[in-house]
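**Student:** next one to model:
(2 chains)
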Protein chains: 2
Amino acid sequence: MEFELGQAIAVLMRMPSTLNALMRDLPEPWLVQNEGAETWSPYDIVGHLIHGEETDWIPRAQIILEHGEARPFEPFDRVAMFEKSKGKTIAELLDTFAQLRADNVRELQSMNLTPKLLEKRGTHPELGTVTLKQLLATWVVHDLGHVRQIVRVMAKQYGDEVGPWKAYLAILGRD
Amino acid sequence: MEFELGQAIAVLMRMPSTLNALMRDLPEPWLVQNEGAETWSPYDIVGHLIHGEETDWIPRAQIILEHGEARPFEPFDRVAMFEKSKGKTIAELLDTFAQLRADNVRELQSMNLTPKLLEKRGTHPELGTVTLKQLLATWVVHDLGHVRQIVRVMAKQYGDEVGPWKAYLAILGRD
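**Tutor:** The predicted structure is shown next:
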């Protein structure tokens, strides 16, 4: 598929309700288990998505629109949520994510991005030259990647409980 | 985590609303693209989940409860949906899945499964001896595995659109 703004927004706007359906009121063990040392729980992942709403996607889009390649993006702190989420319930995190995402989708729509603007270039601190379109496509894929991670972390908690069926379940393999 | 029936049901009962939030009214290209020859689209996957509700999980649980190891399960047709889904909209498939899943969760609850019953054994046509508990844990992991597959198939449609970010996005790699 080629990037098309309306189709991208259709995915971005669905993430809060998708995570809500999957995670709200889920028994806590599903939310706090992870895949071992230095890995993230479903709870951690929602915090990471919140931090992305606050500091990554829209702020970077604004840098591209306002400064082009002249001003590199701020590096993104991938693990800021371990401090920022402390003491918050999953319901609070899901609510915060839903609010931020709704605001950010509105902000994105208000940018009135034309095909020409989507090709505008910015500078990633590690990757170098990128376009606004690539940033927005990455936002979508990043969302989907973390849904994948959430369900993988959950599935692995039953890695032993499935017995011989493990052989059929790719999600329990190395990933 | 050890298998616990209430925690398993908490995941099973969330699948229809999760898929609904993610897929209903999604622009069609997201639903019908797949990963290449012999792979499934998100639309195909919902049909596969429907077929599982009809022929796999609860029917196999009933065979274990009624016949134990004496009667092997019927083999499960993994690709029956290519015929069965024909002509149906994604909305119809999501509605059908939601209805079947609700019925099946009720049926599961009505079995009043004790720890002893959960250890009851059945015979899988390929895997040999399995327990009812393993079957139910597999139902949960199978659900999560197909959510993972849906978001992976979607993400891959933007495999080229993300440009240099591809290096950071594990979901776009081999899987």
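
**Student:** which residue comes closest to residue A:42 once chain neighbours are left out?
**Tutor:** Using CB to CB, 6 or more residues apart in numbering or on different chains and skipping residues adjacent in sequence, the residue nearest residue A:42 is residue A:150, 4.6 Å away. Where C-beta positions appear, they are placed from N, C-alpha and C, glycine not excepted.

**Student:** hmm, residue A:158 is touching residue B:141, no?
**Tutor:** Yes - at 5.2 Å, residue A:158 and residue B:141 qualify as touching, with contact defined as CB atoms under 8 Å.

**Student:** could I get the contacting residues of the residue nearest the centre of chain A?
**Tutor:** Residue closest to the average C-alpha location in chain A (CA atoms, centre = their mean): residue A:143, at 3.6 Å. If a contact means CB atoms under 8 Å, 6 or more residues apart in numbering or on different chains, then residue A:143 has A:11, A:12, A:15, A:49 as its contacts.

**Student:** please redo it, this time with the cut-off set to 10 Å
**Tutor:** Contacts for residue A:143 (CB atoms under 10 Å, 6 or more residues apart in numbering or on different chains) come out as A:11-12, A:14-15, A:18-19, A:49, A:52, A:57, A:101, B:151, B:154-155, B:171.

**Student:** how close does it sit to residue B:18?
**Tutor:** Going from residue A:143 to residue B:18 by CB to CB, to the nearest Å gives 14 Å.

**Student:** over to residue A:149?
**Tutor:** 15 Å.

**Student:** one more: residue A:40?
**Tutor:** For residue A:40, the distance to residue B:18 - CB to CB - is 19 Å.

**Student:** who has more neighbours, those two?
**Tutor:** residue B:18 (23 against 20; other CB atoms under 10 Å in any protein chain shown).

**Student:** isn't that one up against residue B:10?
**Tutor:** No - counting by CB atoms under 10 Å, residue B:18 does not reach residue B:10; the two are 12.0 Å apart.

**Student:** how about stretch A:4-20: buried residues?
**Tutor:** A:5, A:7-20 (16 or more other CB atoms under 10 Å in any protein chain shown).

**Student:** could you pull out the strands in chain A for me?
**Tutor:** A:121-124, A:128-131 (DSSP state E).

**Student:** out of those strands, which comes closest to chain B?
**Tutor:** Closest of the strands of chain A to chain B is strand A:128-131, at 5.8 Å (criterion: CB to the nearest CB).

**Student:** can you tell me the strand partners of that closest one and which way each runs?
**Tutor:** Here strand A:128-131 has these sheet partners by DSSP bridges: strand A:121-124 (antiparallel).

**Student:** chain center to the partner strand: distance?
**Tutor:** Chain-centre distance of strand A:121-124: 20 Å, with CA atoms, centre = their mean, to the nearest Å.

**Student:** no further queries at this time; thank you.
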